[in-house]
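> could you look at this predicted model? Sequence included:
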Amino acid sequence: MTGNDFVVTPWEVRGDVDYGKLIEKFGTKRIDEKLLLRIKKHSKELHPMLRRDIFYSHRGFDRALTEYENGNPFVLYTGRGPSGHTHLGHLMPWIFTKYLQDTFKTKLLFQITDDEKFLLNERLSLDDTRDFAYENILDIIALGFDPKNTEIFLDTELIKSQYKLALKVAKKITFSTIKATFGFSDSSNIGMIFFTSIQSVPCFLESERRGKDVPVLIPCAIDQDPHFRLTRDVAERIGYPKPSLVHCKFFPSLQGSDKMSASSQESCIYTVDSPSTARKKIMNAFTGGQETIKEQREKGGNPDVCSVYQYLLYIFEDDDRKIKEQYEQCRCGELICGDHKKYLSEKVETFLVRHQENREKAKDRIEEYMVRD
Ligand code: TRP
């Protein structure tokens, strides 16, 4: 890998991601002004993640809107691979999905791929992935999805309903396509080679259940796109409409962009972290600041590489005027990293206290959301 190279697959993100180049590489479309205006017609206000170019790319979002406008509302589909506790970055696309559900009053299918994480991860047993699945589900419910319009399921617990559709997909995808798409080799396990067919199923499940074409819109981080590119390729050949997608960028690491490793406990804040743990992590975070306060005052900082600024931009500062102010004050050396960290920390702590209360309440509500065979 040379200087500017980067790698994005569903299982690995490496290097400095150039999001413009990724659009070209994957062959997706940028969300442009025209599409934003169309979304705005249906929504009181555009979500900050749209205004700030965080959800920035799509495939066929416009078609899903046309269907919706013609009285054929889409179903939302997203998912989670339960390989550990939920961190704030995982919440980002889910928060956006909730906005879409509230705006379009649509049904949501939430696939939990305990099978995928078992297959992928040498150290995880099926009991582990099931346990993490139910931990993660508490976070999903805590965000307030409409229980009447949301179905959450573990692959291992809804396999009967999914299996025939998975087979239809699998029959149309060759091993060489899978190798070319994901970079698998002859030593990859055969479960992983098959897995894309399982992740495709919820794209077709609702059409299958209702016996008519139901459009699907998938909000996801852009690393999931390769799966759905294959799904879109086979959809019409097996008699279903192509799913539409809307993609977001990756949530930044607290340790700076070159250490995107989720394995480091310090690089992210988990939803089960205590507010004081979260504060400590933020106080140790990588910023775009100078070595000393004096230097900061003179030269200013660089918010573009600063994890504190990015956290606020991505999730924790709704107010466009305030985020712009912070950007400018950082640049000109008026804002000091320590103060900015405290500002972020208060917001994160407030969020965690409330989220953890909702998470406790969610424990009695799991069955309102789950579907099983
Ligand atoms: N593979 C995803 C992960 O590892 C989980 C997932 C399944 C998903 N279906 C999805 C994510 C649909 C986004 C959209 O996290």
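Thanks, I have it.

> please pull up the helix or strand immediately following the helix or strand Ser197 falls within.
With elements taken from DSSP states H and E, the one containing Ser197 is helix 190-200. Of the helices and strands lying after helix 190-200 in sequence (DSSP H and E), the nearest is helix 202-210.

> in a strand, Ile95, correct?
No - applying DSSP: H, G, I helix; E, B strand; the rest coil, one finds Ile95 to be helix, outside a strand.

> tell me the contacts of it?
For Ile95, the contact set (Cβ atoms under 8 Å, 6 or more residues apart in numbering) comprises 49, 143, 315. Heads up, the C-betas are built off the backbone N, CA and C, glycines and all.

> can you give me phi and psi for the closest residue to Pro73 other than its chain neighbours?
Spatially, and ignoring its direct neighbours in sequence, Pro73 is nearest to Thr106 (5.4 Å; Cβ to Cβ, 6 or more residues apart in numbering). Backbone torsions of Thr106, given as degrees, to the nearest 10, read phi -110, psi 160.

> over to Val7?
Torsion angles, degrees, to the nearest 10, at Val7: phi -130, psi 130.

> what about it, distance to Ile218?
22 Å (Cβ to Cβ, to the nearest Å).

> for Gly144, same thing?
Counting by Cβ to Cβ - Gly144 and Ile218 are separated by 20 Å.

> between the two, which one's more packed in?
Ile218 (31 against 14; other Cβ atoms under 10 Å).

> name the SS class of that one, please.
Applying three-state DSSP: Ile218 is strand.

> and what of Arg14?
strand.

> thought it was touching Phe250?
No - distance between Arg14 and Phe250: 11.4 Å, which falls outside the contact criterion (Cβ atoms under 8 Å).

> looking at the two, which is more packed in?
The neighbour comparison of Arg14 against Phe250 (other Cβ under 10 Å) goes to Phe250, with 18 against 14.

> tell me the contacts of the more buried one?
The contact partners of Phe250, taken as Cβ under 8 Å, 6+ apart, are 13, 17, 89, 221-223, 260.

> of the residues you listed, which belong to helices?
Gly89 (DSSP state H).

> highest neighbour count among the contacts of Phe250?
Ile222 (23 neighbours).

> quick check: closest non-adjacent residue to that residue.
Ile222 sits nearest to His247 (Cβ to Cβ, 6+ apart), 4.0 Å away.

> and the host helix or strand of that neighbour, what does it pack onto?
Taking DSSP H and E as the definition, one finds His247 inside strand 244-248. Judged by 3 or more Cβ pairs under 8 Å, 6 or more residues apart in numbering; DSSP states H and E, strand 244-248 is in contact with strand 55-59, helix 61-69, helix 88-104, strand 216-221, helix 225-235.

> looking at the ones you listed, which is closest to Gln356?
helix 88-104 (12.8 Å; Cβ to Cβ).

> do the helix or strand just after the closest one and the ligand meet at all?
Remark: after helix 88-104, the chain's next helix or strand is strand 108-112, criterion DSSP H and E. Yes - under the criterion of Cβ under 6 Å from any ligand atom, strand 108-112 makes contact with the ligand via Gln111.

> CA atoms only for strand 108-112 - export them in PDB, please.
Once non-C-alpha atoms are left out, strand 108-112 reads as follows in PDB (Å, rounded to 0.1, in the frame of the first residue of the first chain):
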ATOM      1  CA  LEU A 108     -38.000  -1.100   9.200                       C
ATOM      2  CA  LEU A 109     -36.300  -4.500   9.000                       C
ATOM      3  CA  PHE A 110     -33.200  -4.800  11.200                       C
ATOM      4  CA  GLN A 111     -31.000  -7.800  10.500                       C
ATOM      5  CA  ILE A 112     -28.600  -8.900  13.200                       C
END
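
> what is the end-to-end distance of stretch 219-233?
Taking Cα to Cα, to the nearest Å as the measure, stretch 219-233 stretches 18 Å from start to finish.

> so which residues make contact with that stretch?
8-10, 13, 19, 22, 26-28, 55, 57, 59, 76, 78-79, 92-93, 96-97, 100, 169, 172-173, 177-178, 181-182, 196, 199-200, 203, 218, 242-243, 245-250.

> quick one: name the residues of the chain near the ligand.
Counting by Cβ under 6 Å from any ligand atom, the residues of the chain near the ligand are 10, 77-81, 111, 113, 116, 199, 218, 220, 224.

> pLDDT check: weakest of these?
When these are compared by pLDDT, Pro10 scores lowest at 93.

> just checking, that one touches Phe182?
Yes - using Cβ under 8 Å, Pro10 is in contact with Phe182, at 7.2 Å.

> I am finished for the moment; much appreciated.
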